[in-house]
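**Q** got a structure for you, letters missing:
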């Protein structure tokens, strides 16, 4: 079936099949060299500083999160959630220490203690302690030694910035390009990227990055050292760019390029797994640091589905559920990806990928077993649309009354570490589009609660009818594939959609050979006068290494308008909508898309293209 961030994570832009493997399930496609995760209220409990030299700020943050000094790491160390009544965990923390465990961190406000122990009877012993409500192991593998002395992620060198910032089809599908003319979002709105980390030095992210509220929550304890939030993969940086890459004339543009983003790294290095204690830390941090929206493109490891009839998983459901409720109560809306296994979340039967930190087994499950955080109350669950904007991406999970909205999730171009760019596919790529629209809503309506924003996302969404697929059930207004529809950024900022222009397209494939020039034609008729100054040219060219390509629009009189000129380096596939000032051209006649391949080894095809007058 599927696996941790994997099922929620990205697929390569060229892969749209259901996959299940850890973060390595897909490598970024064509990363061109230049273009291409509540913390309690302040606690009176003392907290030891990090084992490395900690700043005064780090010590203060540690006191806030209620982190106690753990015992030294030993082989066989396992992590547990010990659940008690919210408010004061002092008695339970004492019991942990008296029963063969050590307190790694704790969250008084939600009554959760993260305990470590090498004792195989620790959980059963603690379940008999007065005041303890639940105890559950969070892993089937040992806690890494790195948890006790975490290494800082690398700070990659940065590539030169690309010279252009084209508007992409994913942005036009949700009308983000039209929304920017009204608002790009408010810098007072903070979006938390709960993920593998974020490259804050990237030229498209640095202008909007909020280091003061960024953190690593790997292992379940806040590490506020500078740079602890950085990416241990590429996924979090890609997600961050879709939310809020700056509108600065280079690279990519995010849905809400005027808001601020903070990195909450909840993935652990090496495994890139998101364990329950990490998720809890990240959600509580989000609530306490004023994030209006968080993006959660992962599922909580090691169980794809957590079942309440399993004592460990029941504790995970309770702990993560309390953290989400805490964050929401503090004003934070969680947006989460639905997963990439083409699986019906409303009709669960089996899980073949859990636990993903040791040896997965096949087990029978029911709808009581939840994919978290996506299926927690209050969370916006997002499915992925295909490249045309109105289909379900082949890999996207679905489910009647589970999916709330949809967004573009195939071949999404965005930032990756080192100043680079890549096109990735997955519900991981759809979710940040929705987080960006939610940030625009929060910007336009500062008094809105998370519930208000969640409702508006659905009400304003563009209805998408079920295709001819028996798995899609429900109505055009709300169905199992798209929920209430594809999100609309323009409505989020209070804008209105202009009347649609005449639309023409050619769906006939045209092969593109090496070092060759090919053309595809569209005959336009019935349009009065000249073409507009904002002629939309939708291009879908499937080709490896798009830096080989020059793409021109040729008007009926032979005038050439270049829309793409050998940029993008090793990125695969040019799927984008360009705006051309064709006001000097008579609209009616034969228009051509001309593609020139300027190198050997990489070939492809014109898959489709269109004109909107």
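**A** Here it is on my side, so go on. Computed from a prediction, not measured in an experiment: that's the story for all the values here.
**Q** For the stretch 501-613 of the chain, just list every one of the strands.
**A** Remark: strands assigned in the stretch 501-613 of the chain by DSSP state E, counting those that start in this stretch are 503-506, 510-512, 517-524, 535-543, 549-554, 560-565, 574-580, 589-597, 604-612.
**Q** err, the stretch 351-500 of the chain, not the other one
**A** 361-364, 380-385, 405-408, 412-416, 420-425.
**Q** Ok, which of those comes nearest residue 278?
**A** Each of the strands of the stretch 351-500 of the chain has some distance to residue 278 by CB to CB; the shortest is strand 380-385, at 20.3 Å. No exception for glycine: its C-beta is placed from N, CA and C like everyone else's.
**Q** Please convert the strands of the stretch 501-613 of the chain to JSON lines, extending it with distance to residue 183.
**A** Conversion of the strands of the stretch 501-613 of the chain to JSON lines gives the following (distance: least, CB to CB, whole Å):
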{"stretch": "strand 503-506", "distance to residue 183": "27"}
{"stretch": "strand 510-512", "distance to residue 183": "39"}
{"stretch": "strand 517-524", "distance to residue 183": "34"}
{"stretch": "strand 535-543", "distance to residue 183": "22"}
{"stretch": "strand 549-554", "distance to residue 183": "30"}
{"stretch": "strand 560-565", "distance to residue 183": "27"}
{"stretch": "strand 574-580", "distance to residue 183": "20"}
{"stretch": "strand 589-597", "distance to residue 183": "33"}
{"stretch": "strand 604-612", "distance to residue 183": "24"}
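**Q** will you turn those into JSON lines that also has mean neighbour count?
**A** Putting the strands of the stretch 501-613 of the chain into JSON lines (neighbours: other CB atoms under 10 Å) gives the following:
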{"stretch": "strand 503-506", "mean neighbour count": "15"}
{"stretch": "strand 510-512", "mean neighbour count": "16"}
{"stretch": "strand 517-524", "mean neighbour count": "15"}
{"stretch": "strand 535-543", "mean neighbour count": "21"}
{"stretch": "strand 549-554", "mean neighbour count": "20"}
{"stretch": "strand 560-565", "mean neighbour count": "15"}
{"stretch": "strand 574-580", "mean neighbour count": "22"}
{"stretch": "strand 589-597", "mean neighbour count": "19"}
{"stretch": "strand 604-612", "mean neighbour count": "21"}
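**Q** can you list those in JSON lines and add distance to residue 442 and mean pLDDT?
**A** Conversion of these to JSON lines gives the following (distance: least, CB to CB, whole Å; pLDDT from 0 to 100):
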{"stretch": "strand 503-506", "distance to residue 442": "33", "mean pLDDT": "90"}
{"stretch": "strand 510-512", "distance to residue 442": "43", "mean pLDDT": "95"}
{"stretch": "strand 517-524", "distance to residue 442": "41", "mean pLDDT": "96"}
{"stretch": "strand 535-543", "distance to residue 442": "29", "mean pLDDT": "91"}
{"stretch": "strand 549-554", "distance to residue 442": "37", "mean pLDDT": "96"}
{"stretch": "strand 560-565", "distance to residue 442": "34", "mean pLDDT": "96"}
{"stretch": "strand 574-580", "distance to residue 442": "27", "mean pLDDT": "89"}
{"stretch": "strand 589-597", "distance to residue 442": "39", "mean pLDDT": "96"}
{"stretch": "strand 604-612", "distance to residue 442": "31", "mean pLDDT": "92"}
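**Q** Looking at the ones you listed, spot the one closest to residue 270.
**A** strand 574-580 (33.3 Å).
**Q** How about residues contacting the closest one?
**A** With CB atoms under 8 Å, 6 or more residues apart in numbering as the test, strand 574-580 has contacts from 166-169, 172, 387, 410-411, 413, 423, 534-541, 543, 546, 549, 551, 553, 561, 563-564, 568.
**Q** returning to what we had before: and of the strands of the stretch 501-613 of the chain, who's closest to residue 370?
**A** In terms of CB to CB, the element of the strands of the stretch 501-613 of the chain nearest to residue 370 is strand 574-580, at 34.0 Å.
**Q** what is the orientation angle of that closest one with strand 604-612?
**A** Per axes from the mean of the first three to the mean of the last three CA atoms, to 10 degrees, the angle that strand 574-580 makes with strand 604-612 is 40 degrees.
**Q** Just want the phi and psi numbers for the residue nearest to residue 366 when sequence neighbours are not counted.
**A** Leaving aside its chain neighbours, residue 366 sits nearest to residue 348 (6.1 Å; criterion: CB to CB, 6 or more residues apart in numbering). Phi and psi for residue 348, reported as degrees, to the nearest 10, are phi -70, psi 140.
**Q** From residue 384, how far off is residue 348?
**A** According to CB to CB, to the nearest Å, residue 348 and residue 384 sit 19 Å apart.
**Q** and those two? which has more neighbours close in?
**A** A count of neighbours by other CB atoms under 10 Å puts residue 384 above the other of residue 348 and residue 384, at 33 against 20.
**Q** pLDDT value on the more buried one, please?
**A** In this prediction, residue 384 carries a pLDDT score of 98.
**Q** Residue 426 is in contact with that one, correct?
**A** Yes: using CB atoms under 8 Å, residue 384 is in contact with residue 426, at 6.8 Å.
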